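Asks: okay, here's the prediction I keep looking at, along with the sequence it came from:
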Amino acid sequence: MKQLNSKRNYLAVLLTAILLTASAWAADAAQSGRGTLELTQPASIAGTQLASGKYQVEWTANGGLANVKISRGNKEVASTSAHVIKYDANYDTISFATDEKGAKALAQISFGKSKLALRLANDSDAQRAAK
């Protein structure tokens with residue numbers, strides 16, 4: 001009887017460990033989110049020029065890469081890929097890259113509540129991925 005209880009306890013611990021590992025892997029494998037982006041100046045995203053204003057950002061990540069959609073109202077205005085990185089601040093930020101002509105492209109969107117940032121693919125990265 002004592003041996004049977006030991007086997008049951010062992011199986012219970014093993015099953016719990018497997019379930020915890022599987023749920024952690026599933027949470028890490030795919031995540032999605034939403035946020036708001038406010039541009040105070042025109043900027044491009046993946047070759048699409050956006051005017052100043054508020055936009056909605058939706059992303060679906062698998063591992064360290066994400067598909068990102070930018071919408072205004074109910075209309076998707078741009079989409080690109082991004083690297084998902086940790087972001088430990090409690091506030092949202094956006095970062096730009098400026099080309100040699102002075103044009104601004106959105107480089108990173110950081111979401112403080114989500115503790116992550118999306119490092120957007122630049123135009124040449126997006127063009128290479130499309131080929």
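Replies: On my side now, so go ahead.
Asks: the spatially closest residue to S71 that is not a sequence neighbour: what's it in contact with?
Replies: Spatially, and ignoring its direct neighbours in sequence, S71 is nearest to Q56 (4.6 Å; C-beta to C-beta, 6 or more residues apart in numbering). Where you see a C-beta, it was placed from the backbone N, CA and C, and this is true even at glycine. When contacts are counted by C-beta atoms under 8 Å, 6 or more residues apart in numbering, Q56 touches 34-37, 70-72.
Asks: list phi and psi for Q56.
Replies: Note on Q56: backbone dihedrals following degrees, to the nearest 10 are phi -100, psi 140.
Asks: so A105 lies in a helix, does it not?
Replies: No - membership of A105 in a helix is not supported by DSSP: H, G, I helix; E, B strand; the rest coil, which gives strand.
Asks: partner strands of the lengthiest strand in the chain, parallel or antiparallel?
Replies: Scanning the chain for the longest strand, with DSSP state E as the assignment, gives strand 75-86. Paired strands of strand 75-86, with direction, are strand 65-72 (antiparallel), strand 116-120 (antiparallel) (DSSP bridges).
Asks: point out the most buried one among those strands.
Replies: With neighbours defined by mean count of other C-beta atoms under 10 Å, none of these is more surrounded on average than strand 116-120, at a mean of 23.
Asks: pull the CA atoms of that strand into CSV?
Replies: The C-alpha trace of strand 116-120 is given here as CSV (Å, rounded to 0.1, in the frame of the first residue of the first chain):
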residue,chain,number,x,y,z
LEU,A,116,7.5,44.9,-24.0
ALA,A,117,8.6,46.8,-27.1
LEU,A,118,8.2,46.1,-30.8
ARG,A,119,11.4,46.9,-32.7
LEU,A,120,10.0,47.4,-36.2
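Asks: rewinding a little: which of the residues in the longest strand of the chain are buried?
Replies: For strand 75-86, a neighbour-count test (16 or more other C-beta atoms under 10 Å) marks 77-78, 80-84 as buried.
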